[in-house]
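**Q** I'll drop the sequence and a predicted model, then ask my questions.
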Amino acid sequence: MTGQEWAEILVPLIVFSALVALMGLILLYKYKKKRLFLQMIERSLQRQAVLPPETIREIALHFFSANRDLRKGIFLLVLSASVLAFSYFADFKRSGNLDLNDALTGIAFLPGLLGLAFILLARLDRQQNR
């Protein structure tokens with residue numbers, strides 16, 4: 001195999017592996033944060049400290065608030081817009097049946113739709129809490 005053939009294999013593999021690793025790290029961070037919250041509640045219950053439900057609710061809202069969904073939604077929409085802008089301004093050559101600009105546009109729809117879903121969830125959560 002030539003160097004270019006190796007590069008054609010390794011570059012996408014490295015890029016997509018980095019994306020998977022980043023998502024794994026984000027999920028691990030969220031898991032550890034939730035676990036720390038539950039350990040804090042467990043420790044306070046073991047000490048037989050009185051925790052009113054309002055206190056637990058306020059702490060839980062700090063960790064699991066609708067503002068976080070709104071932030072995620074806005075971030076994903078901005079990410080989608082940046083991929084769309086890159087696809088618009090970059091001029092890739094067509095190679096066979098594959099048009100990379102169309103592929104990037106299609107890829108940009110996933111974070112865009114996820115962002116809209118998070119914004120909708122934040123709005124529904126705020127309406128439900130009123």
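**A** Perfect, I can see it now.
**Q** any idea which helix or strand comes after the host helix or strand of Ile14?
**A** Assessed by DSSP states H and E, Ile14 sits inside helix 3-46. Sequence order places helix 53-63 as the next helix or strand after helix 3-46, per DSSP H and E.
**Q** now the following helix or strand past that next one: buried residues?
**A** Where DSSP H and E defines the elements, the next helix or strand beyond helix 53-63 is helix 66-89. By neighbour count on 16 or more other CB atoms under 10 Å, the buried set for helix 66-89 is Ala66, Asp69, Leu70, Lys72, Gly73, Leu76, Leu77, Leu79, Ser80, Val83, Leu84, Ser87. Where C-beta positions appear, they are placed from N, C-alpha and C, glycine not excepted.
**Q** so the residue nearest to the fourth one when sequence neighbours are not counted is in which element?
**A** In space, not counting the residues next to it along the chain, Lys72 is nearest to Phe118; the distance is 4.6 Å by CB to CB, 6 or more residues apart in numbering. Remark: Phe118 resides in helix 100-129, with elements defined by DSSP H and E.
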